[in-house]
Structure formats: structure tokens, C-alpha cells
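Peer 1: sequence first, then the predicted structure, then my questions.
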Amino acid sequence: MPEQKTRMAVLFADVSDSTRLYEALGDTAAFGNVRQVIGLLKGITEAFGGRVVKTIGDGLMCAFPEADAAAQAAGEMQKQIAQRPPLESGKKLTIRVGFHYGPVIQDGEDVFGDSVNVAARMAGLALSAQALTDADTVAALSAPLRESTRQINALPVKGKAEEVLVHELMWQVSSDRTVIPGRSEPVSVPGGGPRIKLTHLGKQTTFKDTIYFGREAAGNHVVVADPMASRRHAKIELRAGKFVLVDQSSNGTYVIVGNAAEIRLKREEMILYSSGKFAFGHSTVDAGAEVIAFDCDVK
């Protein structure tokens, strides 16, 4: 009998950096926290009409009948995890989420197929507190939810002949407004609160909201002509009064804070403080590097 396929959204979510969590808290405390998170994610899955297919280590695999339900669940998962108080160590527990809508093969309660592999790959690419999907899934979303995503890169996926266009679900709410991707109007704002001043090609601009960087003019607030930069290379966002630089690129972001040694971020993030500089794709000291200087004011 030929295999029967049906279209559904597959979602993977897991606790970020769980190895360090177990090292920091010990097995019993870490397991207790992870179990609470899994329970929370299960409840959210069911609230949006999905079901848990299986738990996998420190995460779970879910299935939803429609792409919208998976996207809404992914956003709610991230929001509720972000609202949890810090652990006793002071560390915030975070999750990574990836989802994909497409044809799957159902065998009892389990699902199989290329769509499962793509969803797992999206979760594997996601940074902490990030939810990723792909262009095909974005196309299946309703218009309001499509407006809450933005393309960040084209990345290779195992088993795929061509790179997959990866999109981020923008679930965060900034200090001033909900982040809406694809809108490149300036976000520089006068007034109080945390601010970050950027100096790029002799031009100074002060921001107090999320900032996007990349070669592509559409959707980026700071356009970088450096050929080593990705079309959607990085972002700086305000979290709990701190500016966080998030690399989303193929070649990495090179950062110097104060007099410290240069650090390379590769799909990683770090808190910016005081002042410093960064460049995209290669070192800030390389000839031709398009360096951006920053100065943080978080008083």
C-alpha cells in the first residue's frame, strides 16, 4: 500500500545549553526545572490545538494541524519561558524552537518525513530564546503572522540540494513597541531610558530599540556594504535594560568591548556594555573592514 501523507506543522523545542544547566545546578535541581519547562510546553501545545508526539531529552516534538497554530504556540512558548524568574544561580533558563509546515507520514502517534527533518534543523540552528522556521512555512502563514517574521539567512540543510531560507519569528515585545520585521524606518528616539549610540562611516545615530544590520537595504536599519557581511547579519535588541548583540550570519561577528580581546560570535550572542566596536565577517583590524563603534548608556 502506498504511503499516505498529510500536511501538518512539526515543532521542536528544547532547553538551551542544558549541559551547563546540569553542571551549574546539579542533576536533581536541573532535572526538576527541565521537567517544569516540558510540562509548560506541553500545555501550550495543547492550548493551540497541537499534540506532543514525543519528548526527546530536554525537549519535545509536537505536531499541529496548521502552520498558524505552530507559529502561535512557538511565540507563546518563548513568551512564557521569558517570564519565568531567574534560577537560584541568577541564570535565565531559555529555549530554542524550530518549526516547519509540510507533508508528513503518520505511523500511529509518530510522524516521519522530510518535514520532520527540516523542523529539527530549524531548532538546531536557533539561538537561545529564538524561534526559527523556513520560507515555505512563512508562505503558509496568515498575513498577520507573516508580518511577524523576517528572513535572516540562507543556510545549508542536510539532505537539501539548495540552501534553505531561514526566517525568525519575532515574538519579543521591546520597551517601546512590538518588533515588526521588514520595516526599515529609523528607530532613533530622543528621551530617557537605555540608549546605544552607533558610529558607522562617520555618521552617529542613537537607538533605544531593536536594530538590524546587513548588506540588504530592505529590513535593515544599518546597511553594511562589506562583502563579508550577510544579507541579514546581526541585530542588537534591548533585553531587561541591557543591549544584546545577536549574530545571525554565515561568517560571524567580531566584537571588542573596551580594552578586552576581540571575540568572534558565530550564531551566538553577548551583552554589550560601556563602549567598543564590531565588524561583520572578519576582524575589526582587517584592511577594508567596515567597523561600527558603539557606546552604551543604560542609566
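Peer 2: In hand now; what should we look at? Numbering: from 1, shown residues only.
Peer 1: tell me if Met122 really is in a helix.
Peer 2: Yes. Assessed by DSSP: H, G, I helix; E, B strand; the rest coil, Met122 belongs to a helix.
Peer 1: what's the burial count for it?
Peer 2: Met122 sits with 28 neighbouring residues when counted by other C-beta atoms under 10 Å. Yep, even glycine has a C-beta here, placed from its N, CA and C like the rest.
Peer 1: can you read off the pLDDT for the closest residue in space to it that isn't next to it in sequence?
Peer 2: Once flanking residues are discounted, Met122 sits nearest to Gly98: 2.8 Å by C-beta to C-beta, 6 or more residues apart in numbering. Listed pLDDT for Gly98 reads 96.
Peer 1: any idea how far Gly98 is from Thr45?
Peer 2: Counting by C-beta to C-beta, to the nearest Å, the gap between Gly98 and Thr45 amounts to 14 Å.
Peer 1: over to Val138?
Peer 2: 21 Å.
Peer 1: next, count neighbours for Ser274.
Peer 2: Counted with other C-beta under 10 Å, the neighbours of Ser274 add up to 12.
Peer 1: for it, what are its contacts?
Peer 2: Ser274 sits next to 257-258, 295-296 when contact means C-beta atoms under 8 Å, 6 or more residues apart in numbering.
Peer 1: which strand or helix spans Phe294?
Peer 2: strand 292-297 (DSSP states H and E).
Peer 1: give the other helices and strands that that strand contacts.
Peer 2: In this structure, strand 292-297 packs against strand 195-200, strand 275-280, with contacts taken as 3 or more C-beta pairs under 8 Å, 6 or more residues apart in numbering; DSSP states H and E.
Peer 1: next, the angle strand 275-280 makes with it.
Peer 2: With axes from the mean of the first three to the mean of the last three C-alpha atoms, to 10 degrees defining the directions, strand 292-297 sits at 140 degrees from strand 275-280.
Peer 1: nearest residue to Ser283 other than its sequence neighbours?
Peer 2: Spatial nearest neighbour of Ser283, excluding adjacent residues (C-beta to C-beta, 6+ apart): Tyr254 at 5.1 Å.
Peer 1: err, Glu46, not the other one
Peer 2: Glu46's closest residue in space is Val52 (C-beta to C-beta, 6+ apart), at 7.8 Å.
Peer 1: just the helices in the stretch 101-250 of the chain please.
Peer 2: Applying DSSP state H, counting those that start in this stretch to the stretch 101-250 of the chain gives helices spanning 114-125, 135-140, 143-146.
Peer 1: out of those, the one nearest His233 is which?
Peer 2: Comparison of the helices of the stretch 101-250 of the chain against His233 by C-beta to C-beta identifies helix 114-125 as nearest, at 15.1 Å.
Peer 1: only C-alpha atoms, please: export the lowest-mean-pLDDT helix or strand in the chain in PDB.
Peer 2: The weakest-scoring helix or strand in the chain, judged by mean pLDDT, DSSP states H and E, is helix 18-25 (a mean of 74). Extracted in PDB, the C-alpha atoms of helix 18-25 (Å, rounded to 0.1, in the frame of the first residue of the first chain):
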ATOM      1  CA  SER A  18      21.100  22.200  29.200                       C
ATOM      2  CA  THR A  19      24.600  20.600  29.800                       C
ATOM      3  CA  ARG A  20      25.700  23.800  31.600                       C
ATOM      4  CA  LEU A  21      22.400  23.900  33.400                       C
ATOM      5  CA  TYR A  22      23.000  20.400  34.900                       C
ATOM      6  CA  GLU A  23      26.600  21.400  35.700                       C
ATOM      7  CA  ALA A  24      25.500  24.600  37.500                       C
ATOM      8  CA  LEU A  25      22.600  23.300  39.400                       C
END
